[in-house]
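In: Task: produce atomic coordinates for the following.
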Amino acid sequence: MTASATGFRNAHGVGACFDDVYLLAGARTPFGKFCGALSTVSPTDLGIHAARAAIAAAGVDAGAIDQTIVANIGQASADAFFLPRHIGLYAGAPEASTALLVQRICGSGLEVLAQAAEQVALGKAQLVLGVGTDTMSRFPLASYTARQGFALGKPEFTDLLWEALDDTAAVPMGRTADNLAGRYALTRDEVDGFAHQSQVRCATARAAGFFEGELAMVPGQGAFEAATLKPRRFRCKDKAGLGADEHPRTTTPEALANLPHVFSEAGPTTAGSASGIVDGAAALLVASGGFVRAHGLKPVARLVAHASAGVAPACMGIGPVPAVRATLAASGMTADDIGRFEINEAFAAQCLAVARELGIDEARLNVNGGAIAIGHPLGATGVRLALTLARTLARDDAGFGIASACIGGGQGTALLLQRC
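Out: Here you go, the predicted model:
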């Protein structure tokens, strides 16, 4: 068998189906809370750390990496232009290999894996390093006009983190969740209940040690070296470093019910039912079946198909619906064939609306909690979803799983995996 891909365009979206393309092991950093332990570490260094851990977990020689594909949304360090190349080189990829940055906002991490699979299927690579990384605490204050000068006392700065929460063509991200709550008649109690469930499920998975299998502790300080390159050094805000996700919290339905609405007077979205602003990185290796067999490797999952789709910007959170439907239709499957769904919890109302529209029971959805508890570092989330999904399929003896995310501006993306 030879790795291959067949592109499609159906009534729901566009994408590709794959043969003989696999996910090897991966790893991620713990996700640090806003202005927390990882807030002083650049996304480049977080990406290198996750990449090195993923390569070690996969048991492959970094010198075999043909391409590095990286997702990063917020340019949060002075060397951001070089971010994908630096991650690849300091992770051990050869100088002759290439590096690429992709951007599909919240779906970027899944796009990394989809593009990696396409490169493998096209024969342009046998082994691809896929990384997603963002230090949201470092999203900059930018002045787009300072170079042209400004009047005395009137400098102009923009908070790019705040602006990332708004779609200037439509409405703020949280308002899109409230719009969906209205469309699907979701009550405040239902939305808060879903948010509470995310925290409880995450706490249960942590207590069982589930996430330890994907986490690579970030030490309080460290250095990355590579032949012929200058050493890179980093230092965490917390001298102890970070070994576990920092955002999950203990809460109650009563506490969530007391939080005020954030994006509209009617709600129901609050800070407690929205994804956490966090810092972190995740990495996975994508390989051809030929590479897997030649090196006696055991993949964690087979990449079956992916798809992306567009939706109305004012209801961007429904984006996973057509993306999932496109993926299933191209694969000859239905939602009932899918044992586990990892749908990014941008907002509780948004995730609930997607589940209602697709007819997904919550027993198969985000069974280890989601971004409301763990957090949503924009570029890293999709890689984290796929990594967690692959490990969940193995743990729960489920055959197929879908990772999906809504995307600001009105898109959705989905990735179908099969347990190996």
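
In: CA only for contacts and neighbour counts going forward, please
Out: Noted.

In: Show me where this structure has its helices.
Out: Taking DSSP state H as the criterion, the chain contains helices spanning 43-58, 83-91, 108-121, 160-164, 173-183, 188-207, 253-257, 289-294, 320-331, 348-358, 371-374, 381-396.

In: Take the ones you listed and write them to JSON lines, including mean pLDDT and mean neighbour count.
Out: Shown next, in JSON lines, are the helices of the chain (pLDDT from 0 to 100; neighbours: other Cα atoms under 10 Å):
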{"stretch": "helix 43-58", "mean pLDDT": "98", "mean neighbour count": "26"}
{"stretch": "helix 83-91", "mean pLDDT": "98", "mean neighbour count": "25"}
{"stretch": "helix 108-121", "mean pLDDT": "98", "mean neighbour count": "28"}
{"stretch": "helix 160-164", "mean pLDDT": "89", "mean neighbour count": "14"}
{"stretch": "helix 173-183", "mean pLDDT": "94", "mean neighbour count": "23"}
{"stretch": "helix 188-207", "mean pLDDT": "98", "mean neighbour count": "21"}
{"stretch": "helix 253-257", "mean pLDDT": "95", "mean neighbour count": "15"}
{"stretch": "helix 289-294", "mean pLDDT": "98", "mean neighbour count": "16"}
{"stretch": "helix 320-331", "mean pLDDT": "98", "mean neighbour count": "25"}
{"stretch": "helix 348-358", "mean pLDDT": "98", "mean neighbour count": "23"}
{"stretch": "helix 371-374", "mean pLDDT": "98", "mean neighbour count": "29"}
{"stretch": "helix 381-396", "mean pLDDT": "98", "mean neighbour count": "24"}
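
In: Return the set of residues that bridge with the nearest residue to Arg85 once chain neighbours are set aside.
Out: With Cα to Cα, 6 or more residues apart in numbering as the criterion, Arg85 has its nearest non-adjacent residue at 5.1 Å, and that residue is Ala99. Legend: beta-bridge partners of Ala99 under DSSP bridges are Thr68.

In: The residue nearest to Leu110 when sequence neighbours are not counted and Gln103, how far apart?
Out: Once flanking residues are discounted, Leu110 sits nearest to Gly382: 4.4 Å by Cα to Cα, 6+ apart. Applying Cα to Cα, to the nearest Å, the value for Gly382 to Gln103 is 12 Å.

In: cool, and Pro219?
Out: Computed with Cα to Cα, the distance linking Pro219 and Gln103 is 29 Å.

In: likewise His306?
Out: For His306, the distance to Gln103 (Cα to Cα) stands at 16 Å.

In: the strands in the stretch 201-350 of the chain, which residues?
Out: In order along the chain, the stretch 201-350 of the chain carries the following strands (DSSP state E, counting those that start in this stretch): 221-224, 232-235, 278-288, 301-310, 340-343.

In: Quick check: neighbours shared by Gly382 and Gln103?
Out: With Cα atoms under 8 Å, 6 or more residues apart in numbering applied, the overlap between the contact sets of Gly382 and Gln103 consists of Glu111.

In: re earlier: and Ile73, which of the helices of the chain is closest to it?
Out: The stretch from those with the least distance to Ile73 (Cα to Cα) is helix 108-121; that distance is 8.2 Å.

In: Send me the closest one as CSV with only the CA atoms.
Out: These are the backbone C-alpha positions of helix 108-121, laid out as CSV (Å, rounded to 0.1, in the frame of the first residue of the first chain):
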residue,chain,number,x,y,z
SER,A,108,-5.1,26.0,12.8
GLY,A,109,-3.9,23.0,14.7
LEU,A,110,-6.2,20.6,12.8
GLU,A,111,-5.1,22.3,9.6
VAL,A,112,-1.5,21.5,10.5
LEU,A,113,-2.3,17.8,10.6
ALA,A,114,-4.5,17.9,7.5
GLN,A,115,-1.7,19.6,5.5
ALA,A,116,0.9,17.2,6.9
ALA,A,117,-1.3,14.3,5.7
GLU,A,118,-1.6,15.9,2.3
GLN,A,119,2.2,16.3,2.0
VAL,A,120,2.7,12.7,2.9
ALA,A,121,0.0,11.5,0.5
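
In: quick one, that helix and helix 381-396 angle?
Out: If you take axes from the mean of the first three to the mean of the last three Cα atoms, to 10 degrees, helix 108-121 sits at 80 degrees to helix 381-396.

In: Could you list the residues in contact with helix 108-121?
Out: Residues outside helix 108-121 that contact it (Cα under 8 Å, 6+ apart) are 3-5, 18-19, 21-22, 69-72, 102-104, 125-132, 286-288, 303, 306, 378-384, 386, 403-404, 413-415.

In: Next step: those residues restricted to strands.
Out: Residues from these lying in strands, with DSSP state E as the criterion: 4-5, 18-19, 21-22, 69-71, 102, 127-132, 286-288, 303, 306, 403-404, 413-415.

In: Hmm, the residue nearest to Leu110 is touching Ala405, no?
Out: Yes. Checked against Cα atoms under 8 Å, the pair Gly382 and Ala405 is within contact range at 7.3 Å.

In: and for these two, which residues touch both?
Out: Applying Cα under 8 Å, 6+ apart, one finds that Gly382 and Ala405 are jointly contacted by Cys106, Gly107.

In: want to throw the strands of the stretch 201-350 of the chain into JSON lines with distance to Ala326 and mean neighbour count?
Out: Listed next are the strands of the stretch 201-350 of the chain as JSON lines, based on distance: least, Cα to Cα, whole Å; neighbours: other Cα atoms under 10 Å:
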{"stretch": "strand 221-224", "distance to Ala326": "42", "mean neighbour count": "14"}
{"stretch": "strand 232-235", "distance to Ala326": "42", "mean neighbour count": "16"}
{"stretch": "strand 278-288", "distance to Ala326": "22", "mean neighbour count": "32"}
{"stretch": "strand 301-310", "distance to Ala326": "6", "mean neighbour count": "26"}
{"stretch": "strand 340-343", "distance to Ala326": "15", "mean neighbour count": "26"}
